[in-house]
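**Q** Give me coordinates for this.
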Amino acid sequence: MARRRDLQGHQERLSTATWSVLADHGLPGLTLRAVAERAGCSTGLVLHTFPDKQALLVHARTLLHERTAARADAAQASGPEPLDALRAVLMQVASGSDDKREEARVWVGFLAAALADPELARLHQSHNRAFVGRIQRLVATCRPDWSPEQTALSATALVALVEGLNVLAAVDLDTYSAAAQQAAIEAALDQIRAERPAPPPADPAAAPVGA
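**A** The predicted model follows:
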């Protein structure tokens, strides 16, 4: 059990170092030596923990998804109403802090790696589709009067919006400031917040006699 904890600790430590190298130097600067230096260990320890760079990337990508999914769970639980929960989940993706912008740079690094790595591409698709599914369920809760097609389209548009804002803010915070991101999300939520059609008036002829 102790050896398993040690292995998990090494894996998390090296995954964190991988994120840091990706954030600072992008995919071209990601080498096993760079990860080892950032983690404060030898390249031999990296290779003892992961057989190659691809295995390290897969683990780091999976761990990043687990952490962001847990953060989304907490954000969703914090909303007292369906629309509040949807807003909270979307806002926790936005790059409103230095940590979030660093995470966005890491995400871009993984996306770039996925273009040439089928396993990373599969992980990216799986994680993204899980997030789209979460947003789709939240939209459906907010607007039960919408068709499944309308709900799915809205969810896809919302995910594209927040992921795009997240990435663009990583390189152009002047244009995509935290306030600008929040305003864009609120504008998108206006489409969901819109008044639902009023129910048709009751038919007087259907009223019981003597009512």
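
**Q** CA atoms for contacts and neighbours, from now on please.
**A** Will do.

**Q** Counting neighbours, which bits of the helix or strand hosting residue 186 end up buried?
**A** If you go by DSSP states H and E, residue 186 is part of helix 178-193. Under the neighbour-count criterion of 16 or more other Cα atoms under 10 Å, helix 178-193 has 178, 180-182, 184-186, 189, 192 buried.

**Q** and it, C-alpha only, in CSV?
**A** As requested, the backbone C-alpha atoms of helix 178-193 are provided in CSV (Å, rounded to 0.1, in the frame of the first residue of the first chain):
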residue,chain,number,x,y,z
ALA,A,178,-12.6,38.7,-16.8
ALA,A,179,-15.4,41.3,-17.1
ALA,A,180,-15.6,40.8,-20.8
GLN,A,181,-15.8,37.1,-20.4
GLN,A,182,-18.6,37.4,-17.8
ALA,A,183,-20.5,39.8,-20.0
ALA,A,184,-20.3,37.4,-22.9
ILE,A,185,-21.5,34.5,-20.8
GLU,A,186,-24.4,36.6,-19.4
ALA,A,187,-25.4,37.6,-23.0
ALA,A,188,-25.5,33.9,-24.0
LEU,A,189,-27.6,33.0,-20.9
ASP,A,190,-30.1,35.7,-21.9
GLN,A,191,-31.2,33.3,-24.6
ILE,A,192,-32.0,30.8,-21.9
ARG,A,193,-33.3,33.3,-19.4
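
**Q** Show me what it is packed up against.
**A** Applying 3 or more Cα pairs under 8 Å, 6 or more residues apart in numbering; DSSP states H and E, we find helix 178-193 packed against helix 82-91, helix 148-169.
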